[in-house]
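predicted model and sequence below, questions to follow.
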Number of protein chains: 2
Amino acid sequence: MSRFSLNQATTKRWPMEDTVAGCVAAGVTGIGLWRDQVDTYGVERTAALVRSAGLDVTTLCRGGFFTADAWREDNLRAIDEAVTLGAPVLVLVSGGLPDGSRDIDGARQRVADAIAGLVPHAQGAGVQLAIEPLHPMFASDRCVISTLGNALDIAEPFPADAVGVAVDTYHLWWDDQVWAQLARAGAAGRIACFQVADWITPLPAGVLLGRGLPGTGCVQMRRFREAVDATGYTGPIEVEVFHEDLWSRPGQEVLEETIQRYLEHVV
Amino acid sequence: MSRFSLNQATTKRWPMEDTVAGCVAAGVTGIGLWRDQVDTYGVERTAALVRSAGLDVTTLCRGGFFTADAWREDNLRAIDEAVTLGAPVLVLVSGGLPDGSRDIDGARQRVADAIAGLVPHAQGAGVQLAIEPLHPMFASDRCVISTLGNALDIAEPFPADAVGVAVDTYHLWWDDQVWAQLARAGAAGRIACFQVADWITPLPAGVLLGRGLPGTGCVQMRRFREAVDATGYTGPIEVEVFHEDLWSRPGQEVLEETIQRYLEHVV
């Protein structure tokens, strides 16, 4: 259990205080926080709550969306929030194509340019930006970075302590190049965080809320964990699942099932 | 219009005789046939119908699904049907993971092994098998071959006149490696067919019927067509769109819109 971290999205409707207390009660020592939840509870207040509970904040999700208005101010603020919360990593979901645009090369260049502009602030703050490749089914509307290889290409010009990648099994499991790219990521010291969720079908409309807990789908969870470990990564393993069925269940019950499945299928 | 071909899936509910007559009336000279439609009308009867109408059959869709019972007999029969229909190409949708399996490497090896066993019959028949990479969102349940690069890796051991690849914009548009892989495919003479459809969001539940006619989404249609042409491919361009809204409209009306959008966005 020492590397287990509950990503708060898995129990999205569990109030912040209950989530933190529930983690402590279950012997969980790490939590991945989401900015919308943190904002609702208050940044300083969340920082004090997790600190007094002895929880490590493993990631803050999420920055990015470089196509949105005021993206730069929002990402600078997200870096500052990560500092306040003690999160070493800010996960970046880079955004899709601008409205009406088909220029995917241009959109990828825009991601690289945006990150270049954030690096000095991230380095000064001691926060590592983690470019997260999202599944290609999100390429047009959420994230034009679709593979670990492309994420590493974009990260490469920057120091590894400033820009890494987020490895999430849900987004990457289908890619026959992923094993080689994991080795590349590890060799460069760029695995900023490791998240797990399973792939289940059929996908729901909109495809965002179709993930499964580890062991409920077809992803080779243990193979991924071993491949990530083989690169020298020793950091936390977050379970991050989005599914309406999970969100409608009591948080403590979901956390217990999450831990049980993690122990059975991931470690 | 000389390279335009109507893939029959675009007007799925249009009866065979109406489809053929509609193509002739619209000045269309090529058609991509689907086996379920052909079986309903009769293989020999379809062959006679398209021949007397002067239509070229550009592809037969589809073989593959190497996880199904009796896949080998079914694929041998599909090759024979292609010969009867005068289709130079049989498109292969390779199938997903076997029920309950997570072994994606094994599933890909099984595709390679299955194709190896079909090559002699395909070569004898003069039919080129076209491995179609499907979008990664179909990797678990329809096709474990998700990229053009992986399709070419599997095709590589076989003669190009026996095993090529199907290039479909809908499945490949998101891949930052696709331009390099198109050049690789063309240099090896492996582009067996070129199909176009556009990417639109939000995706519907099940994600199968979410395609758009060219110009309705975010795919760089002309860039794809030019990249395919630049490899030396001079063959037909099929428009193949699966969408309930299209299927519920009169076939002739859909064909007319398809042609108009093809002329505006593809050529």
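All right, it came through fine.

the nearest residue in space to residue A:135 that is not next to it in sequence: what's it in contact with?
Nearest in space to residue A:135, with sequence neighbours left out and distances taken as C-beta to C-beta, 6 or more residues apart in numbering or on different chains, is residue A:171 at 4.5 Å. (C-beta placed from N, C-alpha, C; glycine too.) Counting by C-beta atoms under 8 Å, 6 or more residues apart in numbering or on different chains, residue A:171 touches A:132, A:133, A:134, A:135.

how far away is the third one from residue A:96?
Meaning residue A:134. Using C-beta to C-beta, to the nearest Å, one gets 9 Å for the distance from residue A:134 to residue A:96.

list residues touching both of the two?
By C-beta under 8 Å, 6+ apart, the residues touching both residue A:134 and residue A:96 are A:142, A:143.

contacting residues for the residue nearest to residue A:182 when sequence neighbours are not counted?
What sits nearest to residue A:182 in space, not counting adjacent residues and going by C-beta to C-beta, 6+ apart, is residue A:227, at 5.0 Å. Contacts for residue A:227 (C-beta under 8 Å, 6+ apart) come out as A:179, A:182, A:183.

do the same with residue A:47
Taking C-beta under 8 Å, 6+ apart, one finds A:84, A:85, A:86 in contact with residue A:47.

go on, residue A:176?
By C-beta under 8 Å, 6+ apart, residue A:176 lies in contact with B:104, B:108, B:146, B:147, B:149, B:150, B:153.

again with residue A:177
Contacts of residue A:177 by C-beta under 8 Å, 6+ apart are A:147, A:148, A:149, B:147, B:149.

near chain B, which residues of the stretch 101-250 of chain A?
A:101-104, A:108, A:135-137, A:139-141, A:146-147, A:149-150, A:153, A:173-177, A:199, A:201-207, A:217-220 (C-beta under 8 Å from any C-beta of the partner chain).

just the buried members of those residues?
Neighbour counting with 16 or more other C-beta atoms under 10 Å in any protein chain shown marks A:102, A:104, A:108, A:135-137, A:139-141, A:146-147, A:149-150, A:173-177, A:199, A:201, A:203-204, A:207, A:217-220 as buried within those.

so which residues of chain A form strands?
Applying DSSP state E to chain A gives strands spanning A:4-7, A:30-34, A:56-64, A:89-93, A:128-131, A:163-168, A:191-196, A:198-199, A:211-212, A:237-239.

next one: the fourth one to chain centre, how far?
To tie it back to what came earlier, the one meant is strand A:89-93. How far strand A:89-93 lies from its chain's middle: 6 Å, per C-alpha atoms, centre = their mean, to the nearest Å.

let me see the contact set for the spatially most central residue of chain A.
With distances taken as C-alpha atoms, centre = their mean, residue A:91 lies nearest the centre of chain A, 5.2 Å away. Counting by C-beta under 8 Å, 6+ apart, residue A:91 touches A:59, A:60, A:61, A:62, A:63, A:64, A:130, A:132, A:166, A:192, A:193.

could you do residue A:151 as well?
Residues near residue A:151 by C-beta under 8 Å, 6+ apart: A:131, A:132, A:133, A:145, A:165.

now for those: which two are most distant?
Spanning the widest gap among the contacts of residue A:151 are A:145 and A:165, at 9.1 Å by C-beta to C-beta.

between those two, what contacts are shared?
Here residue A:145 and residue A:165 share the contacting residues A:131, A:132, A:133, A:151, scored by C-beta under 8 Å, 6+ apart.

so which of the contacts of residue A:227 is the closest to chain B?
residue A:179 (9.4 Å; C-beta to the nearest C-beta).

what about stretch A:78-93, start to end distance?
End-to-end distance of stretch A:78-93 (C-alpha to C-alpha, to the nearest Å): 13 Å.

got it, and stretch A:195-209?
End-to-end for stretch A:195-209, by C-alpha to C-alpha: 16 Å.

wait, residue A:12 touches residue A:247, no?
Yes: between residue A:12 and residue A:247 there is a contact under C-beta atoms under 8 Å: 4.9 Å.

between the two, which one's more packed in?
Between residue A:12 and residue A:247, residue A:12 has the larger neighbour count (other C-beta atoms under 10 Å in any protein chain shown), namely 21 against 17.

can you give me the helices for the stretch 101-250 of chain A?
Secondary structure of the stretch 101-250 of chain A (DSSP state H, counting those that start in this stretch): helices located at A:104-125, A:148-155, A:169-172, A:178-187, A:221-230, A:244-247.

avg pLDDT for the third one?
Helix A:169-172 shows a mean pLDDT of 98.

circling back to that earlier point, now the shared contacts of residue A:145 and residue A:165 in TSV, with distance to residue A:45?
TSV is the format used below for the shared contacts of residue A:145 and residue A:165 (distance: C-beta to C-beta, whole Å):
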residue	distance to residue A:45
A:131	29
A:132	27
A:133	33
A:151	33
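
buried ones among these?
Buried among these (16+ other C-beta under 10 Å): A:131, A:132, A:133, A:151.

near chain A, which of the contacts of residue A:176 show up?
B:104, B:108, B:146, B:147, B:149, B:150, B:153.

quick check: closest non-adjacent residue to the first one.
Using C-beta to C-beta, 6+ apart and skipping the chain neighbours, the partner closest in space to residue B:104 is residue B:144 (5.8 Å).

over to residue A:2?
Excluding its sequence neighbours, the residue lying closest to residue A:2 (C-beta to C-beta, 6+ apart) is residue A:29, at 7.0 Å.

ok, residue A:46 next?
Residue A:46 sits nearest to residue A:38 (C-beta to C-beta, 6+ apart), 4.8 Å away.

residues near that neighbour, how many?
Other residues close to residue A:38 by other C-beta under 10 Å number 25.

who's in contact with it?
By C-beta under 8 Å, 6+ apart, the residues touching residue A:38 are A:16, A:46, A:60, A:81, A:85.
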